[in-house]
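In: this is a predicted model, with the sequence first.
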Amino acid sequence: MRRSASEKMEIIRFVSDSELGVTRTLRELGINKPTFYNWYNRYKKCGFDGLLPKSPDRKYFWNKIPDQQREEVVEFALDHEDLSPR
């Protein structure tokens, strides 16, 4: 379940002010420890803005062939049709 930035902030404050241990408080809230510490570290680093949802901004794909290399491969394939498996 996604939580808003204000909910995350409230949880961080609640856990920080709790007299119970962090582990027990998070268990009672039903929040995983790694999730909480990710929120907490982002909050410490960027403040409240660090808790805002990230927008998916994909400008780079790990398996994309660079345009120059793609052009070279296509040109080679067209020049050497006899090497094609077809």
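Out: Nice, I can see it. Residues are numbered from 1 along each chain as shown.
In: which stretches of this structure have low pLDDT?
Out: Within the chain, the stretches falling below the threshold (pLDDT under 70) are 57, 86.
In: tell me the contacts of Val15?
Out: Residues touching Val15, when contacts are defined by C-beta atoms under 8 Å, 6 or more residues apart in numbering, comprise 22, 25-26, 29, 36. (C-beta placed from N, C-alpha, C; glycine too.)
In: that one: which element?
Out: helix 5-17 (DSSP states H and E).
In: tell me the buried residues in that helix?
Out: Neighbour counts over helix 5-17 (16 or more other C-beta atoms under 10 Å) mark 8-9, 11-12, 15 as buried.
In: from Lys64, how far out is Asn38?
Out: To Lys64, Asn38 is 29 Å away according to C-beta to C-beta, to the nearest Å.
In: those two: which is more packed in?
Out: Neighbour count, other C-beta atoms under 10 Å: between Asn38 and Lys64, Asn38 has more, with 13 against 8.
In: got the contact list for that one?
Out: Asn38 makes contact with no residue under the criterion C-beta under 8 Å, 6+ apart.
In: between helix 5-17 and the host helix or strand of it, find me the angle.
Out: Element membership of Asn38 [criterion: DSSP H and E] is helix 33-46. Taking axes from the mean of the first three to the mean of the last three C-alpha atoms, to 10 degrees, helix 33-46 and helix 5-17 form an angle of 100 degrees between their directions.
In: alpha carbons only: can I get helix 33-46 in CSV?
Out: Provided in CSV are the C-alpha atoms of helix 33-46 (Å, rounded to 0.1, in the frame of the first residue of the first chain):
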residue,chain,number,x,y,z
LYS,A,33,12.0,-2.1,9.0
PRO,A,34,13.7,-1.6,5.6
THR,A,35,10.8,0.4,4.3
PHE,A,36,10.8,2.6,7.4
TYR,A,37,14.6,3.2,7.2
ASN,A,38,14.4,4.0,3.5
TRP,A,39,11.8,6.7,4.3
TYR,A,40,13.9,7.9,7.3
ASN,A,41,17.1,8.1,5.3
ARG,A,42,15.4,10.0,2.4
TYR,A,43,13.9,12.4,5.0
LYS,A,44,17.2,13.0,6.7
LYS,A,45,18.9,13.6,3.3
CYS,A,46,16.2,15.7,1.5
